[in-house]
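**Q** show me the folded form of this:
(one chain, ligands or ions: 2)
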Amino acid sequence: MSKIIAVTNQKGGVGKTTTSVNLGASLASLGKRVLLVDIDPQGNTTSGIGINKADVSNCIYDVIINDVHPKDAIVPTNIDNLKIIPATIQLAGAEIELVPTISREVRLKKSLQLVKHMFDYILIDCPPSLGILTINSLTAADSVIIPIQCEYYALEGLSQLLNTVRLVQKHLNTTLQIEGVLLTMFDARTNLGIQVIEEVKKYFQQKVYQTIIPRNVRLSEAPSHGQSIITYDPRSKGAEVYMELAKEVIMSE
Ligand code: ADP
Ligand code: MG
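**A** Ligands and ions are numbered 1, 2, ... in the order given. Presented below is the predicted three-dimensional model:
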């Protein structure tokens with residue numbers, strides 16, 4: 001059985017890309033066949049996993065706008081079992097170009113259905129907005145992982161996000177589920193982090209992953225080396241926690 005998971009939160013800097021790359025790499029190192037789909041015009045997942053954007057011939061833009069077959073956009077990474085459909089800055093125009101097109105919300109879904117059988121997990125790294133690219137991702141997905149940064153305004157904006165999820169469930173994807181809520185960038189030295197955890201658990205209850213991602217400098221260094229934490233520093237705390245998360249994701253099947 002394969003599963004498409006959108007990693008989403010319209011706030012920037014909460015750990016969507018870090019989670020997509022490192023959860024993807026962890027699942028792959030546990031033997032799962034994983035496809036990363038970068039649908040953020042910034043393309044941080046693409047460069048973070050070591051793909052040189054100048055070398056990309058087909059990106060996710062070509063798949064959803066130009067009807068390129070997704071197989072022709074998939075490229076390998078330096079990890080066995082981990083592949084990616086990259087994003088380039090070309091994607092920045094997609095929000096506007098999609099507006100007048102037929103079935104604009106279901107373009108990604110239709111494309112990913114063509115390759116779903118080749119993978120155990122497809123992880124979509126969403127942009128920091130609730131625009132048409134995120135709607136495409138929520139429509140294509142079986143479930144969503146919501147990363148929440150352990151900081152003062154953690155819950156701000158979440159009702160908007162959940163409202164968008166409900167609208168997609170109502171009109172475009174009735175079976176969309178919340179896969180889990182992931183607390184990120186936890187700093188054990190502050191009481192604030194602990195308060196945020198309690199608040200988020202009160203709100204989302206059993207949907208919150210047991211695994212909490214701490215601040216770990218190795219996690220922030222890895223992308224500049226074009227590597228996931230699993231190859232960059234497999235003995236780091238960051239690698240340990242993303243492996244734990246991957247096991248939790250697998251266990252919940
Ligand atoms: P988003 O994709 O939601 O915008 P990112 O994953 O790019 O967020 O994270 C924002 C920044 O924080 C990046 O520079 C990233 O390297 C850093 N970062 C993310 N998670 C952690 C962590 N657990 N510890 C330290 N730095 C992190
Ligand atoms: Mg990102």
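
**Q** am I right that Tyr242 falls within a helix?
**A** Yes. Checked against DSSP: H, G, I helix; E, B strand; the rest coil, Tyr242 lies within a helix.

**Q** please name the nearest non-neighbouring residue to it.
**A** Of all residues not flanking Tyr242 in the chain, Asn22 sits nearest, at 4.0 Å (C-beta to C-beta, 6 or more residues apart in numbering). Any C-beta I mention is one placed from the backbone N, CA and C, and that applies to glycine too.

**Q** relative to ligand 2, how far out is that neighbour?
**A** 12 Å (C-beta to the ion, to the nearest Å).

**Q** the host helix or strand of that residue close to ligand 1?
**A** Using DSSP states H and E, Asn22 sits in helix 16-29. Yes. If you take C-beta under 6 Å from any ligand atom as the test, helix 16-29 does meet ligand 1, through Lys16, Thr17, Thr18.

**Q** what pLDDT does the residue nearest to the first one when sequence neighbours are not counted get?
**A** Taking C-beta to C-beta, 6+ apart, and ignoring the residues beside it in sequence, Lys16 has Val7 as its nearest neighbour in space, at 4.9 Å. Per-residue pLDDT puts Val7 at 98.

**Q** circling back: how far does the helix holding Asn22 sit from its chain's centre?
**A** 8 Å (C-alpha atoms, centre = their mean, to the nearest Å).

**Q** quick one: average pLDDT of it?
**A** pLDDT averaged over helix 16-29 gives 98.

**Q** helix or strand right after it?
**A** Beyond helix 16-29 toward the C-terminal end (DSSP H and E), the next one is strand 34-38.

**Q** thought Leu161 was touching Ile146?
**A** Yes. Contact criterion C-beta atoms under 8 Å: Leu161 and Ile146 qualify, at 6.9 Å.

**Q** give the residues shared as contacts by these two.
**A** Thr8, Asn9 (C-beta atoms under 8 Å, 6 or more residues apart in numbering).

**Q** can you give me the neighbour number for the residue nearest to Tyr242?
**A** Here the number of neighbours of Asn22 (other C-beta atoms under 10 Å) works out to 28.

**Q** for it, give me its contacts.
**A** Counting by C-beta under 8 Å, 6+ apart, Asn22 has contacts Leu219, Ala222, Ser228, Ile229, Ile230, Gly238, Ala239, Tyr242.

**Q** how far away is it from Ser129?
**A** 23 Å (C-beta to C-beta, to the nearest Å).

**Q** equivalent analysis for Thr175, please.
**A** In terms of C-beta to C-beta, Thr175 sits 24 Å off from Ser129.

**Q** between the two, who's got more neighbours?
**A** Each of Thr175 and Ser129 has its neighbours counted (other C-beta under 10 Å); Ser129 has more, 15 against 8.

**Q** tell me the one among the residues of helix 16-29 next to ligand 1 nearest to Ile250.
**A** Thr18 (19.4 Å; C-beta to C-beta).

**Q** for burial, what's the neighbour tally of the residue lying closest to the closest one once chain neighbours are set aside?
**A** Closest residue in space to Thr18, ignoring its immediate chain neighbours: Leu219 at 5.8 Å, by C-beta to C-beta, 6+ apart. Residues contacting Leu219 under the criterion other C-beta under 10 Å number 27.

**Q** for Leu219, helix, strand, or coil?
**A** helix.

**Q** touching, it and Val21? I think so.
**A** No. When contacts are counted by C-beta under 8 Å, Leu219 is not listed as touching Val21 (9.5 Å).

**Q** please report phi then psi for Glu156.
**A** Per-residue torsions, Glu156: phi -60, psi 130 (degrees, to the nearest 10).

**Q** list the contacts of it.
**A** With contact set as C-beta under 8 Å, 6+ apart, Glu156 has no partners.

**Q** ok, now how distant is Leu114 from Asn216?
**A** 37 Å.

**Q** so how far is ligand 2 from the residue in the stretch 51-200 of the chain that ligand 1 sits nearest to?
**A** When distances are taken as C-beta to the nearest ligand atom, the stretch 51-200 of the chain reaches nearest to ligand 1 at Met185, 4.7 Å away. Separation of Met185 from ligand 2 (C-beta to the ion): 13 Å.
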